[in-house]
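Trainee: 3D model of this:
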Amino acid sequence: MPNRHEVNWKGKSPALANVFGEFYRILFQDEILNGKGAEHEWRCDLEWCGSTFLASISQIERRGYGCPCSGPVLSEHMSRHILSELTGFTFRKRKDFDWLRNKEGNKLEVDCHCEDLNWGFEDLGSIHDERTNSRFLSDEEIERQKEHQAIKMEECPKRFDLYVVIPPEIGRTKRGLEDYIKSRIVEGGFEDKIISKEVDWTRFPGKSSNRAKLTNLVRRINLTYPKVRCLAENFNDRLDKLPWDCGEGHPEVLVSYNQAEAAIKKGKRLPCRHCSKKVPVSIEEMHAHAREKGGVCKTNELPRAGRSFVEFDCLVPGHEIHRCRASDVRNKPDRCWCELCEPPPRERRTITTQIVRALVVKHGHDLHGDYPGRNDVEMNVTCKECGQQDDLTFREMENRTGSVWCDACKVRDRLSKILLIPRAE
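Mentor: Residues are numbered from 1 along each chain as shown. The predicted structure is shown next:
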């Protein structure tokens, strides 16, 4: 079951997707949402673009922009890694060339420079794109930027054996950037300098700021759990799985920066299957349960772990086989046996329309119609704040107690707290 404080995107209408998309100036093009991690077609809502592209909601949130025309502000750290991997030489950012100065006499920097090869690469990124840089820079800064680029284009080709400018139109995916850099090296006549055909991204050091973020996170976790350690020194993407030691002698766990940060914010420990007692249910547990009850387990494997169904025989003539999920055997053992031998405890209550309406009003919604008499039948509700309609069962309403019900309000509230690229007016 998804976290009640998160939005369950799967199966929702395009209207909810467009609530998310309005923050990124994109429009949802598919008929239905297949989930947060599924790729969907979007269209850029900027007048001068209007192109379509494929991306999941998770990808858009992670990278911080919608349409590729509004792509990453800078990617020079990726370019330096690609160049170092391809050639075996170290590339650094340089700002100490006496011959490269602006009109005020200040030194200008080169994004990627290798002294051994005498190469220079300039990675412009979308901050230099005339279509989008007005989002980041004032008119004065844009003019200064153009002036600096003109100086570099005049001076750098004279000083470097190979000088390449990576334009903002080049896709900033790892593969796209890698292919472009390779092609420019070959065009420059330096194909013999490429010693590696593939870039090893497992060695990518990431941004130095990410290293500081990870160190800070570990320090915060250690205030409550002093034995916890992260076995990685840096990360590239906040959703990349990093190896962690929970400090309790358990096997290392793979937890992303986002997951670890969310856990400590909620006052929980690092997600560890053993610490959380979430060790996968085993068939041995099922047979042990049956022996304890004086019967047998007729199932010999659990292909879906805790979600698999198991069968128990109490061995009493005339009694039927009892069937239940393996996870229930661990969580509700008193309800997982022959009901004639051990009648399960019953918890009955009467649900009325008045009870449902009070619950709906408490969470800022209006109920349309009456309670249908079953807790698994959907009822139509409307958010009082934004007017978004939704269909919820009484069971879902109870599971959402204490959280925001309206998915559209959740999306708006979440995105308003994230630092986004300012939208073009």
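
Trainee: got the buried residues for stretch 193-202?
Mentor: The neighbour-count criterion (16 or more other CB atoms under 10 Å) identifies Lys193, Val199 as the buried residues of stretch 193-202. No exception for glycine: its C-beta is placed from N, CA and C like everyone else's.

Trainee: again with stretch 230-241
Mentor: For stretch 230-241, by 16+ other CB under 10 Å, it's Cys230, Asn234, Phe235, Asn236.

Trainee: where in the stretch 1-150 of the chain is pLDDT low?
Mentor: Applying pLDDT under 70 to the stretch 1-150 of the chain picks out residues 1-6, 48, 63, 68-74, 125-138.

Trainee: helices of that one, start to end?
Mentor: Ranges of helices within the stretch 1-150 of the chain are 14-21, 57-63, 76-87, 139-159, based on DSSP state H, counting those that start in this stretch.

Trainee: deepest of these, which one?
Mentor: When those are scored by mean count of other CB atoms under 10 Å, the highest mean neighbour count falls to helix 76-87 (a mean of 21).

Trainee: with only the CA atoms kept, save it in CSV.
Mentor: Coordinates of each C-alpha in helix 76-87 appear next as CSV, following Å, rounded to 0.1, in the frame of the first residue of the first chain:
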residue,chain,number,x,y,z
GLU,A,76,30.2,20.7,-17.0
HIS,A,77,31.0,18.2,-14.2
MET,A,78,29.6,15.4,-16.5
SER,A,79,31.6,16.7,-19.4
ARG,A,80,34.8,16.6,-17.4
HIS,A,81,34.2,13.0,-16.3
ILE,A,82,33.4,11.9,-19.9
LEU,A,83,36.6,13.5,-21.2
SER,A,84,38.8,12.0,-18.4
GLU,A,85,37.3,8.5,-19.0
LEU,A,86,37.7,8.6,-22.8
THR,A,87,41.3,9.9,-22.8
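
Trainee: just how off-centre is it within its chain?
Mentor: Put simply, helix 76-87 sits 25 Å off its chain's centre (CA atoms, centre = their mean, to the nearest Å).

Trainee: check which helices and strands that helix sits against.
Mentor: strand 92-94, strand 110-114, strand 119-123, helix 174-187 (3 or more CB pairs under 8 Å, 6 or more residues apart in numbering; DSSP states H and E).

Trainee: could you give the angle of it to strand 110-114?
Mentor: 20 degrees (axes from the mean of the first three to the mean of the last three CA atoms, to 10 degrees).

Trainee: contact partners of helix 76-87?
Mentor: Applying CB atoms under 8 Å, 6 or more residues apart in numbering, the external contacts of helix 76-87 come out as 89-93, 111-112, 114, 117, 119, 121, 123, 125, 166, 172, 174, 177-178, 181-182, 185, 193-196, 199-201, 203-207.

Trainee: domain parsing of the chain, as residue ranges.
Mentor: 14-70, 76-203, 208-265, 283-335, 353-416 (automatic domain parsing).

Trainee: which of the contacts of helix 76-87 count as buried?
Mentor: Looks like the contacts of helix 76-87 have 91, 111-112, 114, 117, 119, 121, 123, 125, 166, 172, 174, 177-178, 181-182, 185, 193, 199, 204, 206 buried, using 16+ other CB under 10 Å.

Trainee: so the closest residue to Phe20 other than its chain neighbours, which state does it fall into?
Mentor: Nearest in space to Phe20, with sequence neighbours left out and distances taken as CB to CB, 6 or more residues apart in numbering, is Val411 at 5.0 Å. With DSSP: H, G, I helix; E, B strand; the rest coil as the basis, Val411 sits in helix.

Trainee: and Val411, how far from Val404?
Mentor: 10 Å (CB to CB, to the nearest Å).

Trainee: OK, contacts around the spatially most central residue of the chain?
Mentor: Note on the chain: the residue nearest the mean C-alpha position is Ser58, at 4.6 Å, using CA atoms, centre = their mean. Applying CB under 8 Å, 6+ apart to Ser58 gives the contacts Lys36, Gly37, Leu239.

Trainee: hmm, the last one is touching Val255, no?
Mentor: No: in terms of CB atoms under 8 Å, Leu239 does not count as a neighbour of Val255; the distance is 10.7 Å.

Trainee: before we move on, back to that, of the buried residues of stretch 230-241, closest to Asp376?
Mentor: Phe235 (42.1 Å; CB to CB).

Trainee: quick one: the closest one from Ser58, how far?
Mentor: 16 Å.

Trainee: and if you look at Lys95?
Mentor: 36 Å.
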